[in-house]
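> Mind looking at a prediction? Sequence and model below.
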Amino acid sequence: MKRALFLDRDGTVIEDRGYMHDPALVQLLPGAADVLREVSANGWALVIVSNQSGVGRGLITPAEMDAVQARFLETLRGTGVEITASYFCVHRPDENCHCRKPSVFHLERAAREFGIDLRSSWMIGDRRSDILCGKNAGCRTIWLSNPLFPVVEGLADFVAQDWPQARRILAEHAGL
Ligand SMILES: [Mg+2]
Ligand SMILES: [Zn+2]
């Protein structure tokens, strides 16, 4: 069974510029690509799980979302990082869909599709819903600290201020 690093996208791998409607907004966060390259070189899957409710709210079109994602993948590829798979929830919170984080739907789907062992996998995100999602799926969690979205102390297994710190946590606790 494979291990995965589950990743929120906006605010975690790239800067969060609100509802991401324009590929020009795609900007990698410092250190993210280096860590992802190393994790991938160790045989882990890299799986993006992203809530894009801007689509359901009518604030961004599906084509805009696709263009942003294409730029995101292309930017990472330029640094030598291949994302294994990306999953999106495009619904509004009030639609009560089955796939919006903190739902584990996409993590369990990825586990089936790629033979991933959730219990030895990790989730990194900048919001409470990312941490809850990872915990609910049985993964260990790192909160990439974001003062705009405080997470109750103790909810995440680990807190990192930035990617280099996340890298140290993975080295120490995931044997990376
Ligand atoms: Mg985020
Ligand atoms: Zn959904």
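Okay, I see it. Numbering: from 1, shown residues only. Ligands and ions are numbered 1, 2, ... in the order given.
> Identify the spatial nearest neighbour of E15, chain neighbours not counted.
Once flanking residues are discounted, E15 sits nearest to Q27: 4.6 Å by C-beta to C-beta, 6 or more residues apart in numbering. C-beta here means a position set from N, CA and C on the backbone, and glycine is covered the same way.
> sec struct for R119, please.
helix (DSSP: H, G, I helix; E, B strand; the rest coil).
> List of residues touching the longest helix along the chain?
Selection of the longest helix in the chain by residue count, based on DSSP state H, yields helix 62-77. For helix 62-77, the surrounding residues in contact (C-beta atoms under 8 Å, 6 or more residues apart in numbering) are 9, 13-14, 20-23, 25-26, 28, 33, 36, 52, 54-55, 82-83, 86, 88, 90.
> for stretch 134-142, same thing?
6, 102-104, 107-108, 118-119, 121-125, 130-131, 155-160, 166, 169-170, 173-174.
> Can you select the buried ones among these for me in ChimeraX?
To isolate the buried members of those in ChimeraX, using 16 or more other C-beta atoms under 10 Å:
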select :6,102,103,104,107,118,121,122,123,124,125,130,131,156,157,158,159,160,166,169,170,174
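> so of the contacts of stretch 134-142, which ones are in strands?
F6, W122, M123, I124, G125, F158, V159, A160 (DSSP state E).
> so the fourth one touches S145, yeah?
What it means is I124. No - the criterion here is C-beta atoms under 8 Å, and I124 misses it with S145 at 11.2 Å.
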